[in-house]
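Colleague: got a predicted structure plus its sequence, pasted below:
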Amino acid sequence: EVQLAESGGGLVQSGGSLRLSCAASGFTFSSYAMSWVRQAPGKGLEWVSGINSAGSTSYVDSVKGRFTISRDSMLYLQMNSLKPEDTGVYYCVKYAGIGRNSGIDYWGQGTQVTVSS
């Protein structure tokens with residue numbers, strides 16, 4: 001059974017940092033693309049960052065230079081220079097294949113990030 005478990009969220013002041021982690025189990029983690037997706041209060045889902053099985057990374061423009069995605073046996077999102085607009089629930093997601101064009105097939109339960117101004 002595939003399981004994704006996020007941790008590391010919390011309350012931080014504007015300009016602060018947080019590191020999100022995602023523990024994955026039930027599949028060969030290194031063989032699949034992964035992403036972080038967030039949902040701000042009252043808004044829709046927004047893709048934030050992704051990493052494929054080869055380690056290539058990508059980011060939404062609003063977080064470039066501030067967030068860093070990485071993976072070893074877990075998935076991480078280092079978030080620096082946080083802004084109030086980064087507030088939301090952050091989800092770890094797994095894709096069905098090695099790249100993001102394979103489509104998301106599993107979601108974690110999410111972790112709340114709140115950035116105060």
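Modeller: Yep, that arrived. Numbers count the residues shown, from 1 in each chain.
Colleague: from the chain's centroid, how far away is stretch 109-117?
Modeller: Put simply, stretch 109-117 sits 12 Å off its chain's centre (CA atoms, centre = their mean, to the nearest Å).
Colleague: what residues sit buried inside that stretch?
Modeller: Within stretch 109-117, the residues scored as buried using 16 or more other CB atoms under 10 Å are Gly110, Thr111, Val113, Thr114, Val115. Any C-beta I mention is one placed from the backbone N, CA and C, and that applies to glycine too.
Colleague: buried ones in stretch 69-87?
Modeller: For stretch 69-87, by 16+ other CB under 10 Å, it's Ile69, Arg71, Leu75, Tyr76, Leu77, Met79, Leu82, Asp86, Thr87.
Colleague: could you list which of the buried residues of stretch 109-117 belong to strands?
Modeller: Among the buried residues of stretch 109-117, DSSP state E puts Thr111, Val113, Thr114, Val115 in strands.
Colleague: out of the buried residues of stretch 109-117, flag the one nearest to Ala40.
Modeller: Nearest to Ala40 among the buried residues of stretch 109-117, counting by CB to CB, is Val113 at 9.9 Å.
Colleague: how much space separates the closest one from Val93?
Modeller: Val113 sits 16 Å away from Val93, going by CB to CB, to the nearest Å.
Colleague: likewise for Gly10?
Modeller: For Gly10, the distance to Val93 equals 21 Å [CB to CB].
Colleague: who has more neighbours out of those two?
Modeller: Val93 (21 against 13; other CB atoms under 10 Å).
Colleague: in the sheet, who's paired with the more buried one?
Modeller: Going by DSSP bridges, Val93 is paired in beta bridges with Ser35, Trp107.
Colleague: quick one, what contacts it?
Modeller: Shown in contact with Val93 (CB atoms under 8 Å, 6 or more residues apart in numbering): Leu4, Met34, Ser35, Trp36, Val37, Ile104, Tyr106, Trp107, Gly108.
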